[in-house]
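>>> Build me a structure from this.
(2 chains)
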Amino acid sequence: MVLEVAVASGKGGVGKSTISATLALHLHRAGWDVVAADADADAPNLHIVFGLDEWGEVREYSEGYVARIDYGKCTNCGVCADVCPFKAVSFKGGRYVINSLICEGCVTCSLACPERAISRVRHPTGVLRTGVTRYGFPLVSARLNVGRPNSGRLVTEVKNMAREVAKSSSVIVVDSAAGIGCQVVSSLAGANAVVLVAEPTPASFSDLRRVHKLAKHFMLPSALVLNKVDINPGLSRSIREYALREGIDILGEVPYDDAVPKSMSLRMPVVEAFPNSRASKALIRIAEEFERRVVRGWRDWFRRFKPRKPEPYRPIIIKPPTLR
Amino acid sequence: MVKVAIATESRRGLDDVVAPRFARAGTFTIIDLGSEGGVVSVKVIDNPAAESPGGAGVRATQLLADEGVEVVVGPGFGPNAAAILAELGIKTVTVPPGTPVKEAVEEVRKQLG
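Coordinates of the predicted model:
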């Protein structure tokens, strides 16, 4: 089977990419077919961690539409600017111009234009790309153009591309975005397991609980990596207690270590750049535990850590506004 | 008669398999089950929600509600889809992705009793 693992944390900057890179690299070296997938198209950086610059395949990705004025037909009447509900049309340099960052592609202007000079065109949203890291396993990544919204669909495309690349028995490591929004929902949907990453800060603990709710919603078993564990021992204890209470498998803990930011500036996974650092030793142990418990022991691990019951849904109740 | 929608990948009807995602499944295979539990009719509809940037769960659920579906089968349901399905009283049946449609129907029969 293909084992798809989503690495998520809620809060950003707690170590998702570091953990994802370590897991992918370790599993690859242990002989598993690994595909790394960067599901954060807003700020893709897994390729930076792996020092990947040359993409094998690049696909244009477009989502939604923008309006385009045919200036051969335009008579500068300004109707488009008047009707645009998003105020995306302005008069600049003697002609009406559509700001494609504001335009929602609703075609109101196109319908209103007396000269029929406005059509809608697919708007390039970003690119999907795959490449092979210098360590020998493939990476799938997406990059959004500035101002284009990230989306669950794009994450789904990234994961589909990873599955195209994957062999029949592969491990796909999905480095998800921060937050618990649409793209993180898509990172978790269809995954088999979640690796939660947290640091002992109140913000990270709060976001951990939020993203774990999402994991429970999808009935996904979760493992936890507690990063920068020594910066706040008291809060680390609270997070450990939370994990025990919630039936999350604690994979291990990583101490705060300057080797991690230093390795980032070298564009290398820390376990490659500084294999003898405290953080690397802890990360390698975690990757070994992950391989042993989750990948090799999948059936037992799944049975043991699958949530007992799904997170109860919050009913969506839309009430009309109160009139006074 | 019970109307069941199964999140599927293609248009192979009863020979299809359950998609890896609910709201972003390529198609929904809609099956009418008779009072004896037998398959009365099968139709396949496209799922335009698969292409939507966000809100796929809401759109897919709306589509199925409009079809008058009473039971949905998928590999899991997102937070929005689950909330709306529960609100509408549509029963959800979860089966692993890749399950053959015929086995999924069997599971529905079992759960409906």
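
>>> Is residue B:92 in a helix, a strand, or coil?
Of the three states, residue B:92 takes strand according to DSSP: H, G, I helix; E, B strand; the rest coil.

>>> burial measure for it, as a count.
The burial count assigned to residue B:92 is 17, neighbours taken as other CB atoms under 10 Å in any protein chain shown. C-beta coordinates here come from the backbone N, C-alpha and C atoms, glycine included.

>>> so the residue of chain B found nearest chain A is in which element?
Nearest residue of chain B to chain A, counting by CB to the nearest CB: residue B:53, 3.6 Å away. Here residue B:53 is covered by no helix or strand, with elements defined by DSSP states H and E.

>>> Tell me where the longest strand sits in chain A.
Using DSSP state E, we find that the single longest strand of chain A is strand A:118-132.

>>> Which elements pack onto that one?
If you count contacts as 3 or more CB pairs under 8 Å, 6 or more residues apart in numbering or on different chains; DSSP states H and E, strand A:118-132 packs onto strand A:57-69, helix A:108-112, strand A:138-144, helix A:152-165.

>>> Show me what it pairs with in its sheet, parallel or antiparallel.
Each strand that strand A:118-132 pairs with, and the sense of that pairing, follows from DSSP bridges: strand A:57-69 (antiparallel), strand A:138-144 (antiparallel).

>>> Could you say which of those is packed most deeply?
Using mean count of other CB atoms under 10 Å in any protein chain shown, the stretch among those with the greatest mean number of neighbours is strand A:138-144 (a mean of 25).

>>> State which one residue of the stretch 101-250 of chain A is found closest to chain B.
Of the stretch 101-250 of chain A, the residue with the smallest distance to chain B, taken as CB to the nearest CB, is residue A:151 at 3.6 Å.

>>> Can you give me the distance of the nearest residue to that residue once chain neighbours are set aside to residue A:308?
Once flanking residues are discounted, residue A:151 sits nearest to residue B:53: 3.6 Å by CB to CB, 6 or more residues apart in numbering or on different chains. Relative to residue A:308, residue B:53 is positioned 34 Å away (CB to CB, to the nearest Å).

>>> Please apply the same query to residue A:76.
If you go by CB to CB, the gap between residue A:76 and residue A:308 works out to 66 Å.

>>> The two: which is more packed in?
Using other CB under 10 Å as the criterion, residue A:76 and residue A:308 rank with residue A:76 on top: 10 against 7.

>>> Quick check on that one: phi, psi?
The phi/psi pair for residue A:76 (degrees, to the nearest 10) reads phi 60, psi 30.

>>> pretty sure it contacts residue A:95?
Yes: under the contact definition of CB atoms under 8 Å, residue A:76 touches residue A:95, with a separation of 6.3 Å.

>>> quick one: low-confidence ranges for chain B?
By pLDDT under 70, chain B has no low-scoring segment.

>>> re the thing from before, would you enumerate the residues in contact with the residue of the stretch 101-250 of chain A closest to chain B?
Contact partners of residue A:151, counting by CB atoms under 8 Å, 6 or more residues apart in numbering or on different chains, are A:63, A:182, A:183, B:53, B:54.

>>> Please identify the residues of chain B in proximity to chain A?
Along chain B, the residues adjacent to chain A under the rule CB under 8 Å from any CB of the partner chain are B:20-24, B:50-56, B:75-76, B:78-80, B:82-84, B:86-87, B:94, B:97.

>>> now what about stretch A:224-236, what contacts it?
Stretch A:224-236 is contacted from outside by A:14-15, A:18-19, A:195-202, A:205, A:239-240, A:243, A:248-256, A:286, using CB under 8 Å, 6+ apart.

>>> in it, what's buried?
Using 16 or more other CB atoms under 10 Å in any protein chain shown as the burial criterion, the residues of stretch A:224-236 that qualify are A:224, A:225, A:226, A:227, A:228, A:229, A:232, A:235, A:236.

>>> out of the residues you listed, which one sits closest to residue A:89?
For these, the minimum distance to residue A:89 (CB to CB) is 47.7 Å, reached by residue A:227.

>>> Put together TSV for the helices and strands packed on strand A:118-132, with mean pLDDT on each row.
Rendered in TSV, the data for the helices and strands packed on strand A:118-132 read as follows (pLDDT from 0 to 100):
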stretch	mean pLDDT
strand A:57-69	90
helix A:108-112	95
strand A:138-144	94
helix A:152-165	92
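
>>> Could I get the ones you listed in JSON lines, plus columns for distance to residue A:120?
Conversion of the helices and strands packed on strand A:118-132 to JSON lines gives the following (distance: least, CB to CB, whole Å):
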{"stretch": "strand A:57-69", "distance to residue A:120": "4"}
{"stretch": "helix A:108-112", "distance to residue A:120": "6"}
{"stretch": "strand A:138-144", "distance to residue A:120": "20"}
{"stretch": "helix A:152-165", "distance to residue A:120": "19"}
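
>>> Of these, which is nearest residue A:100?
Ranking the helices and strands packed on strand A:118-132 by proximity to residue A:100 (CB to CB) places strand A:57-69 first, at 4.6 Å.

>>> and the next element down the chain from that closest one?
Next in sequence after strand A:57-69, counting helices and strands by DSSP H and E, comes helix A:79-83.

>>> helices or strands up against that next one?
strand A:89-92, strand A:95-98, helix A:108-112.

>>> how about 7 Å then?
Contacting helix A:79-83 under the criterion 3 or more CB pairs under 7 Å, 6 or more residues apart in numbering or on different chains; DSSP states H and E are the following elements: strand A:89-92, helix A:108-112.

>>> Please work out how many residues are found near the nearest residue to residue A:166 once chain neighbours are set aside.
Nearest residue to residue A:166 in three dimensions, chain neighbours excluded: residue A:35, at 4.9 Å (CB to CB, 6+ apart). By other CB under 10 Å, the residues close to residue A:35 number 26.

>>> got a list of what residue A:35 touches?
Contact partners of residue A:35, counting by CB atoms under 7 Å, 6 or more residues apart in numbering or on different chains, are A:137, A:138, A:140, A:162, A:165, A:166, A:170, A:172.

>>> which one of those has the most neighbours?
Per-residue neighbour counts (other CB under 10 Å) across these peak at residue A:140, which has 28 neighbours.
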